[in-house]
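J.: when you get a sec, could you give me coordinates for this:
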Amino acid sequence: MMQPLKKGRNQFFRQEKRGNPGQDMQLKDIIDLEEWQKIQDKFAGITNVYLRTYDAKGRFLIASKIKPRLCDELARADFTVKARICGPCLPTFLGGRGVLDRNLGFSCELGLQSFIIPLRIDQRVLGYIIVGPMVLVARKPKERYRHIAEEFGIGLEDLWSMISELRVISFNGAKVLIELIKDVSEYNLKLSCQNLIKQRQVGAADSVRMNKLLNALMDVAFQVTGADLGSIMLIDADKNELGISVARGLAKEVVDKAKVQMGDGISGKAAQAGEAFIVDDNVQDNRIKQHLNRPQISSAMVVPIRVKDRVWGVMNLGALRSSSVSFTDENMKLINRLVELATAAL
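T.: Model (predicted):
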């Protein structure tokens with residue numbers, strides 16, 4: 001069981017004030033709220049989770065337009081019901097009654113889980129994203145909600161129907177999802193701050209951040225597709241070739257040595273044409289059929305990674321013949337949207 005977080009509100013506000021040119025900025029002064037709204041809406045559309053952004057003082061800024069019906073109905077409920085059920089949907093230091101655990105998560109009386117993501121620049125917290133509510137691991141039996149429904153005069157079937165619409169996610173799935181949201185949000189926040197104070201340099205720290213972002217992107221891609229192995233290859237413009245930057249399920253020597261010339265192989269063709277491919281035994285594209293030389297893989301997908309209309313690399317995902325996974329056009333559309341969302345931060 002998750003343990004309550006014992007540290008108080010101030011743990012989020014520790015910062016080095018010296019040498020921070022943006023220390024007097026507030027979140028709403030740094031980000032473009034319309035663009036931030038678009039990012040939140042894309043996350044909500046892909047992941048089916050609700051997101052809300054607050055500034056450092058707990059003032060509400062924006063929420064994703066895709067809102068759970070449960071939250072919508074409770075917002076119209078009488079004060080007692082709303083305060084009892086919705087109050088814990090915000091942590092105590094932001095004015096709610098939710099008690100944080102060590103994973104920065106908190107739950108409500110219905111057993112629904114939310115997580116808070118502090119948005120930092122140089123250790124200074126400028127705001128928070130609340131992710132949820134969601135169902136962690138598994139839904140409770142419907143009968144467990146009967147007493148709550150009766151107490152607040154809500155029909156059990158109506159309550160159960162609304163809870164059933166919420167995303168069910170494993171703890172590990174929630175963890176990688178939170179990491180990706182955090183990385184994309186903080187990367188956007190940092191670039192916005194740099195732009196505002198006219199510091200556009202991208203140094204070693206940003207390279208580390210980009211690598212972390214690509215790792216989070218790969219983790220979420222595995223979660224939503226069920227892939228067994230995969231990689232993200234980036235283009236080396238000087239050598240006109242792709243090399244592996246992030247990998248899962250591949251031997252280290254393969255990762256270290258794999259180089260693909262632009263236009264060669266499936267990855268090279270996808271990068272050169274800026275086109276996504278699904279590769280399986282039924283493929284008809286003659287450009288692809290000649291490269292089907294890995295019999296252990298039953299289904300594969302290659303998706304270009306674009307940044308501002310320029311292809312930076314490709315994401316490769318594969319399913320082994322021992323797996324029941326077979327990639328579809330819907331999988332490809334979802335990964336395209338996920339890549340588009342993540343690269344908005346680059």
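J.: report the secondary structure state of Phe222.
T.: Per DSSP: H, G, I helix; E, B strand; the rest coil, the secondary structure class of Phe222 is helix.
J.: low-confidence ranges, the stretch 151-300 of the chain, go.
T.: 194-207, 283-293 (pLDDT under 70).
J.: ok, which stretches of it are helices?
T.: 156-164, 171-196, 204-225, 252-257, 265-273, 286-289 (DSSP state H, counting those that start in this stretch).
J.: tell me which residues are up against the fourth one.
T.: Spelled out, that is helix 252-257. With C-beta atoms under 8 Å, 6 or more residues apart in numbering as the contact definition, helix 252-257 has outside contacts at 231, 244, 247. Bear in mind the C-beta positions are built from the backbone N, C-alpha and C, glycine included.
J.: quick check: closest non-adjacent residue to the last one.
T.: Put plainly, it is Ala247. Ser231 (4.2 Å; C-beta to C-beta, 6 or more residues apart in numbering).
J.: tell me if I'm right that the one you found and Gly318 touch.
T.: No. Using C-beta atoms under 8 Å as the test, Ser231 is too far from Gly318 to be in contact (9.1 Å).
J.: okay, the angle between the longest strand along the chain and helix 156-164?
T.: Ranked by number of residues, the top strand in the chain under DSSP state E is strand 124-136. For strand 124-136 against helix 156-164, the angle by axes from the mean of the first three to the mean of the last three C-alpha atoms, to 10 degrees is 130 degrees.
J.: circling back to that earlier point, most neighbours, which of the contacts of helix 252-257?
T.: Compared across the contacts of helix 252-257, Ser231 has the highest neighbour count, 24 neighbours, by other C-beta atoms under 10 Å.
J.: CA atoms only for the longest strand of the chain, dumped as PDB, please.
T.: Provided in PDB are the C-alpha atoms of strand 124-136 (Å, rounded to 0.1, in the frame of the first residue of the first chain):
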ATOM      1  CA  ARG A 124      11.600  26.200  -8.900                       C
ATOM      2  CA  VAL A 125       8.000  25.000  -9.100                       C
ATOM      3  CA  LEU A 126       5.900  27.200 -11.300                       C
ATOM      4  CA  GLY A 127       2.700  25.100 -11.300                       C
ATOM      5  CA  TYR A 128       1.200  21.600 -11.300                       C
ATOM      6  CA  ILE A 129      -0.700  19.300 -13.600                       C
ATOM      7  CA  ILE A 130      -3.300  17.000 -12.000                       C
ATOM      8  CA  VAL A 131      -3.700  13.700 -13.900                       C
ATOM      9  CA  GLY A 132      -6.900  11.800 -13.200                       C
ATOM     10  CA  PRO A 133      -9.200  10.500 -11.900                       C
ATOM     11  CA  MET A 134      -8.400   7.000 -13.100                       C
ATOM     12  CA  VAL A 135      -8.900   3.500 -11.900                       C
ATOM     13  CA  LEU A 136      -5.700   2.000 -10.700                       C
END
